[in-house]
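no FASTA, just this:
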DNA sequence: GACGTGACAGCGC
DNA sequence: GGCGCTGCCACGT
């Protein structure tokens, strides 16, 4: 079974999903933020992989996850519509306005 | 098991 | 975070 840092892959994925579920409507979180909450700030790239493999049943608000510069997921045009529906503001370059919508956990 | 890949971050400019 | 480069680390081949 694949493991890293003592955490099984399935557990890692589950924890990622739980955190994403907690992102409030109208706000966005970065991959680095989620990785930091998990106690593994170096594993931001694993977050994207976990979301990519997320089962449809869990119904995650994964459109609220963006990269550190506010960029959206490549090849997923629908993401912007979902965010616009939550009144999330975008900049001229197509990036989310993190100043207004970044999830403030503390 | 080496090698390329990727829904990334941080740092420098 | 505007852009480019390097470091990361699990995955599939």
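Cool, the structure landed. These figures come from a predicted structure and were not determined experimentally. Numbers count the residues shown, from 1 in each chain, chains lettered A, B, ... in the order given.

can you pull the pLDDT of the closest residue to residue A:15 other than its chain neighbours?
Nearest residue to residue A:15 in three dimensions, chain neighbours excluded: residue A:38, at 5.9 Å (Cβ to Cβ, 6 or more residues apart in numbering). For every residue, glycine as well, the C-beta is placed using N, CA and C. Predicted confidence (pLDDT) for residue A:38: 93.

got a list of what residue A:38 touches?
The contact partners of residue A:38, taken as Cβ atoms under 8 Å, 6 or more residues apart in numbering, are A:12, A:15-16, A:19.

And these, which is closest to DNA strand B?
residue A:16 (10.9 Å; Cβ to the nearest atom of the strand).

Can you tell me the SS state at the closest one?
helix (DSSP: H, G, I helix; E, B strand; the rest coil).

what's the nearest residue to it once chain neighbours are set aside sitting at in phi/psi?
Distances taken as Cβ to Cβ, 6+ apart put residue A:50 closest to residue A:16, at 4.2 Å, once the chain neighbours are dropped. Phi and psi for residue A:50, reported as degrees, to the nearest 10, are phi -60, psi -40.

And the strands in chain A?
Taking DSSP state E as the criterion, chain A carries its strands at A:3-4, A:7-8, A:29-30, A:65-66.

For stretch A:25-35, measure first residue to last.
With Cα to Cα, to the nearest Å as the measure, stretch A:25-35 spans 20 Å from end to end.

Wondering if it reaches DNA strand C at all.
No - Stretch A:25-35 lies out of reach of DNA strand C by Cβ under 7 Å from any atom of the strand, never closer than 9.2 Å.

Give me the residues contacting that stretch.
A:16, A:19-20, A:23, A:41-48, A:61, A:64-68, A:70, A:83, A:86-88, A:96, A:98, A:101-105.

Just the buried positions in that stretch, please.
Across stretch A:25-35, burial judged by 16 or more other Cβ atoms under 10 Å covers A:27-35.
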